[in-house]
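1. Sequence first, then the predicted structure, then my questions.
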Amino acid sequence: MSPTTRLRWRRRLRSLAALLLIAAMAIAVWTALPDPTESVPLVHVIDGDSLKVKQGGIGVTVRLTGIDAAEYRQDCGRADASRWPCGREARAALVALAGPGPLHCSLNAHDKYGRTLGTCRTAPAPDGVDIAAEMVRGGWAVATGDIYLAEEAGAQAAKRGLWQGDFARPADWRAAHARPAAATGTVAPDR
């Protein structure tokens, strides 16, 4: 190979390496960016893992991602075998955490019931409190994925909220207490 040809190939390889480096940096920056959040007024809390906010002047039901809280009509057992309305207390805990609003939410998908899935904080990150993490940390919800497993372990060890006695996991409670859907003949979850 002539020296001129070798020089051309080196330049081509350097250009290719530079392009690959730029592409890798662009991908790293793109994946490192947090989900876009928006400040949304809180309308009301539905239960321990769902709330209604206003987005663009329209009421939107948001289901907190990564958690499953006790259902509103669910009761739980205490260590002394007495029963208590854990679902109502889970809702009250979310009301206290969310406060009057506004919330700073990252709304990113929809579930099979048409609810918007998202994560919400009391103030913009990193200052605000992740309300789903706090619900799990307080023992009012269980983790449904890997995100809040440490918070769940802490609540369980400290016997906070649901963990103070026996309880049915919310998904199991919904399955056992499903209500028939009107006119369709299918079974609707207790949501």
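-> Perfect, thanks for sending it.
2. where does this protein have low pLDDT?
-> Applying pLDDT under 70 to the chain picks out residues 29-36, 180-191.
3. What are the boundaries of the strands in it?
-> With DSSP state E, the ranges of strands along the chain come out as 38-40, 42-47, 50-55, 58-64, 67-69, 76-77, 83-84, 103-110, 116-121, 141-143, 179-180, 187-188.
4. check contacts around residue 98.
-> By C-beta atoms under 8 Å, 6 or more residues apart in numbering, the residues touching residue 98 are 42, 45, 51, 120, 122, 131. (Glycine included, C-beta is placed from N, CA and C.)
5. Let's see that with 10 Å instead.
-> With contact taken as C-beta atoms under 10 Å, 6 or more residues apart in numbering, residue 98 is in contact with 42, 44, 45, 51, 53, 120, 122, 129, 131, 134.
6. Distance-wise, check it relative to residue 105.
-> 11 Å (C-beta to C-beta, to the nearest Å).
7. Just want the most central residue of the protein.
-> The residue lying closest to the centre of the chain (C-alpha atoms, centre = their mean) is residue 65, at 2.0 Å.
8. Disregarding residues adjacent in the polypeptide, which is nearest to that residue?
-> Distances taken as C-beta to C-beta, 6 or more residues apart in numbering place residue 117 nearest to residue 65, at 5.0 Å, with adjacent residues excluded.
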